[in-house]
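J.: build me a model from this:
(one chain, ligands or ions: 2)
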Amino acid sequence: MATVAGVAVEDGHWIGGERIASAETFEDLSPIDEQVIAHIARGGAEEVDAAVRAARAAFPAWAATDRQERARLLHAIADGVEKRMEQLAIVETTDNGALLRSHLRGVMPRVAHNFRFFADWLLGLGRDDFETRGHRNHVSWDPAGVCALITPWNAPLMLATWKIAPALAAGNTVVLKPAEWSPLTASLLADITVEAGLPDGVFNVVQGYGEEAGAALVAHPDVRRISFTGSVPTARRIAAAAAAHLVPLSLELGGKSPLLVFADADLDLAVNLAVEQYDNAGQVCLAGTRLLVEESIAEEFTERFLARARALRQGDPREMGTDIGPQIHRDHLARIDGFVRRALDGGATALLGGGPNTDLGGLYYRPTLITGAAPGSEILREEVFGPVLTLQTFRTEEQAVEMANSTDYGLAATIATGSPERAERVSARLVAGTVWVNCFFVRDLRAPFGGARQSGIGREGGDWSFDFYCDVKNTVTAPWEK
Ligand SMILES: NC(=O)C1=CN([C@@H]2O[C@H](COP(=O)(O)OP(=O)(O)OC[C@H]3O[C@@H](n4cnc5c(N)ncnc54)[C@H](O)[C@@H]3O)[C@@H](O)[C@H]2O)C=CC1
Ligand SMILES: O=C(O)/C=C/C=C(\O)C(=O)O
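T.: Ligands and ions are numbered 1, 2, ... in the order given. Modelled structure (predicted):
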């Protein structure tokens, strides 16, 4: 047991309703000061096998539990999340360095909402029956079995519960492998599921490294679904493991999303949207990190952007006035800095930032704006996952669309324009799972979420989640004799 920010957090796995230790542990560091905050059980094939067996044993009864009861239990978990909102928020901030303000105001309420939304969606799940030459077609969603969920560190509990809630609602059982850089809130969630009365084995957590616990989980022959959020290289490994057993996969991967600013846009709004892309210290898959600005307004846009960005307060994420906290880990900061150094060495210029903010300690990276990067260069193609934006200009709508679509990703895109016709035209041509027009990060769980190209495979949200986590069945019945 560890005590983190005054909150007791179990450091073992959660398997079949029991806390299980491992022979070895790994150190969990806080990005705020790089101090060790917990020693977490380091799981491997053995713990994964125990968790999958527990989940498999719990599956028949949970799958047979009626929808009303499953929904009631998910609402009870949401109640528990709301009751422990402040604890979850401070532990998550201590563990992954994201702003406490955001956790309290937006993220943890969304965690509770994830459970409520999918519980309620389950109750309304169903399509109208239809007839084929007098035969009745009835579509149903059968739970698939044990779901392996592998999640990242940038929004640990939010992204995990976005998978856990529909998987459980659908009648599956779950083994979650949280990211090793942010393992703690998954452990608190296990406590909450016990308080809510979830049967043992329905929800399991195996802690550990991706190459050990994660790899063993996705290779396990009894896993029926794999849902992963994280990087493209890891997704390739997971897809290869899934191929061995032909397990359906949902992959929510990175992005290199454009923010297109047309000359007819409300410039204040466009600047606000651009500055918002530094949210979570840039560690957001959806971030519109490529600012594409119409040439005629680029100078004014840049001036106003720099004035707003310079006013951002960087510092301790526990302070309510902080706008940008630390990066997750020393290795990650070095990766971000590597991208920036190579861009600058290649002839680009940093109009803002361009390196770590060493006044604040080891893990803070200055909000950065890069201009003059060579077309097609790494900084314009690869996901940096830090507070690093690039600025490019365009002359025509055609050119803007071409630049926007010029990466291997296709997660999201944002358009700032005063013209509804332009918004419609441009949006239709963008390769992206989500397009925002004159807004950013307006999210709704009824909407499909996912990416095109290397940003992923599949969609989550509403029916899309149930379609993934279930074996969808059509029963065709001939007319009964009268
Ligand atoms: N939401 C997103 O789109 C995210 C994107 N990224 C991108 O990935 C880059 C690297 O971040 P990482 O933390 O290294 O991401 P990652 O993809 O390695 O880690 C995500 C999760 O996958 C697990 N994992 C790693 N190797 C695995 C394997 N062989 N089998 C099964 N699970 C495995 C990790 O333990 C973690 O839980 C970031 O800089 C960013 O560009 C990272 C996190 C989230
Ligand atoms: O908040 C959302 O709806 C989606 C967030 C996704 C990420 O931040 C991510 O996967 O990086």
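J.: what backbone torsions are found at the nearest residue to Gly458 once chain neighbours are set aside?
T.: Nearest residue to Gly458 in three dimensions, chain neighbours excluded: Ser250, at 4.1 Å (CB to CB, 6 or more residues apart in numbering). Where C-beta positions appear, they are placed from N, C-alpha and C, glycine not excepted. With angles defined as degrees, to the nearest 10, Ser250 sits at phi -120, psi 120.
J.: buried ones in the lengthiest helix in the chain, by neighbour count?
T.: In terms of residue count, the longest helix belonging to the chain (DSSP state H) is helix 45-64. Within helix 45-64, the residues that count as buried by 16 or more other CB atoms under 10 Å are 47-56, 58-59, 62-63.
J.: spit out the contact partners of the residue nearest to Gly458.
T.: Counting by CB atoms under 8 Å, 6 or more residues apart in numbering, Ser250 touches Lys163, Arg225, Ile226, Ser227, Phe228, Gly450, Gly456, Ile457, Gly458, Glu460, Phe468.
J.: in TSV: these, plus secondary structure.
T.: Below are those laid out as TSV (DSSP: H, G, I helix; E, B strand; the rest coil):
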residue	secondary structure
Lys163	helix
Arg225	strand
Ile226	strand
Ser227	strand
Phe228	strand
Gly450	coil
Gly456	strand
Ile457	strand
Gly458	coil
Glu460	strand
Phe468	helix
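J.: any chance of the residues you listed in a markdown table, plus neighbour count and distance to ligand 2?
T.: Converted to a markdown table, the contacts of Ser250 look like this (neighbours: other CB atoms under 10 Å; distance: CB to the nearest ligand atom, whole Å):
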| residue | neighbour count | distance to ligand 2 |
| --- | --- | --- |
| Lys163 | 28 | 11 |
| Arg225 | 25 | 18 |
| Ile226 | 23 | 16 |
| Ser227 | 28 | 12 |
| Phe228 | 27 | 11 |
| Gly450 | 21 | 10 |
| Gly456 | 27 | 10 |
| Ile457 | 17 | 14 |
| Gly458 | 18 | 14 |
| Glu460 | 22 | 9 |
| Phe468 | 23 | 16 |
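J.: before we move on, back to that, which among the buried residues of helix 45-64 gets closest to ligand 1?
T.: Relative to ligand 1, the closest of the buried residues of helix 45-64 is Val48; by CB to the nearest ligand atom it sits at 10.4 Å.
J.: quick check: chain neighbours aside, which residue is closest to that closest one?
T.: Ala216 (4.1 Å).
J.: tell me the secondary structure of the one you found, please.
T.: Counting by three-state DSSP, the backbone at Ala216 sits in helix.
J.: so it sits against Arg42, correct?
T.: No - Ala216 sits out of contact with Arg42 when judged by CB atoms under 8 Å, with a separation of 12.0 Å.
J.: between those two, which one's more packed in?
T.: Each of Ala216 and Arg42 has its neighbours counted (other CB atoms under 10 Å); Ala216 has more, 23 against 20.
J.: which residues does that one contact?
T.: So Ala216 contacts Gly44, Ala45, Val48, Asp49 (CB under 8 Å, 6+ apart).
J.: can you tell me how far the second one sits from ligand 1?
T.: Computed with CB to the nearest ligand atom, to the nearest Å, the distance linking Ala45 and ligand 1 is 12 Å.
J.: now do the contacts for that residue.
T.: Counted by CB under 8 Å, 6+ apart, Ala45 has contacts Glu212, Ala216.
J.: number of residues surrounding the closest residue to ligand 2 within the chain?
T.: Here the residue of the chain nearest ligand 2 is Cys285; by CB to the nearest ligand atom that distance is 3.1 Å. Using other CB under 10 Å, Cys285 is surrounded by 25 other residues.
J.: that one contacts Glu252, correct?
T.: Yes - look at Cys285 against Glu252 with CB under 8 Å: they come within range, at 7.2 Å.
J.: now for those two: what residues contact both?
T.: Thr229, Ser455.
J.: ok, back up a step: pLDDT for the buried residues of helix 45-64 - can I get that in TSV?
T.: Formatted as TSV, the buried residues of helix 45-64 follow (pLDDT from 0 to 100):
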residue	pLDDT
Glu47	98
Val48	98
Asp49	98
Ala50	98
Ala51	99
Val52	99
Arg53	98
Ala54	99
Ala55	99
Arg56	98
Ala58	99
Phe59	99
Trp62	98
Ala63	98
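J.: just give the nearest non-adjacent residue to the residue of the stretch 351-482 of the chain at minimum distance from ligand 1, would you?
T.: The nearest approach of the stretch 351-482 of the chain to ligand 1 comes at Phe385, 3.6 Å away (CB to the nearest ligand atom). Distances taken as CB to CB, 6+ apart put Gln283 closest to Phe385, at 5.4 Å, once the chain neighbours are dropped.
J.: could you do Val401 as well?
T.: Closest to Val401 by CB to CB, 6+ apart is Arg429, at 4.9 Å.
J.: could I get the buried residues of helix 45-64 as JSON lines with distance to ligand 1?
T.: Supplementary listing: those in JSON lines, determined by distance: CB to the nearest ligand atom, whole Å:
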{"residue": "Glu47", "distance to ligand 1": "14"}
{"residue": "Val48", "distance to ligand 1": "10"}
{"residue": "Asp49", "distance to ligand 1": "15"}
{"residue": "Ala50", "distance to ligand 1": "18"}
{"residue": "Ala51", "distance to ligand 1": "14"}
{"residue": "Val52", "distance to ligand 1": "14"}
{"residue": "Arg53", "distance to ligand 1": "19"}
{"residue": "Ala54", "distance to ligand 1": "19"}
{"residue": "Ala55", "distance to ligand 1": "17"}
{"residue": "Arg56", "distance to ligand 1": "19"}
{"residue": "Ala58", "distance to ligand 1": "23"}
{"residue": "Phe59", "distance to ligand 1": "22"}
{"residue": "Trp62", "distance to ligand 1": "24"}
{"residue": "Ala63", "distance to ligand 1": "26"}
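J.: relative to Ala144, how far out is the closest residue to Gly410 other than its chain neighbours?
T.: Residue nearest to Gly410 in three dimensions, not counting chain neighbours: Ala452, with 3.1 Å by CB to CB, 6+ apart. With distances taken as CB to CB, to the nearest Å, Ala452 is found 25 Å from Ala144.
J.: what about these two, which has more around it?
T.: Ala144 (23 against 16).
J.: for the more buried one, phi and psi?
T.: phi -90, psi -30.
J.: report pLDDT for the closest residue to it other than its chain neighbours.
T.: Of all residues not flanking Ala144 in the chain, Arg224 sits nearest, at 4.3 Å (CB to CB, 6+ apart). At Arg224, the pLDDT value in this model is 98.
J.: quick one, what contacts Arg224?
T.: So Arg224 contacts Ala144, Gly145, Val146, Cys147, Asn172, Val247, Pro248 (CB under 8 Å, 6+ apart).
J.: let's see 6 Å
T.: Residues near Arg224 by CB atoms under 6 Å, 6 or more residues apart in numbering: Ala144, Gly145, Val146.
J.: likewise for Leu351?
T.: Applying CB under 6 Å, 6+ apart to Leu351 gives the contacts Leu369, Thr371.
J.: what of Gly126?
T.: So Gly126 contacts nothing (CB under 6 Å, 6+ apart).
J.: which one of the contacts of Ser250 is nearest Leu344?
T.: Gly456 (30.7 Å; CB to CB).
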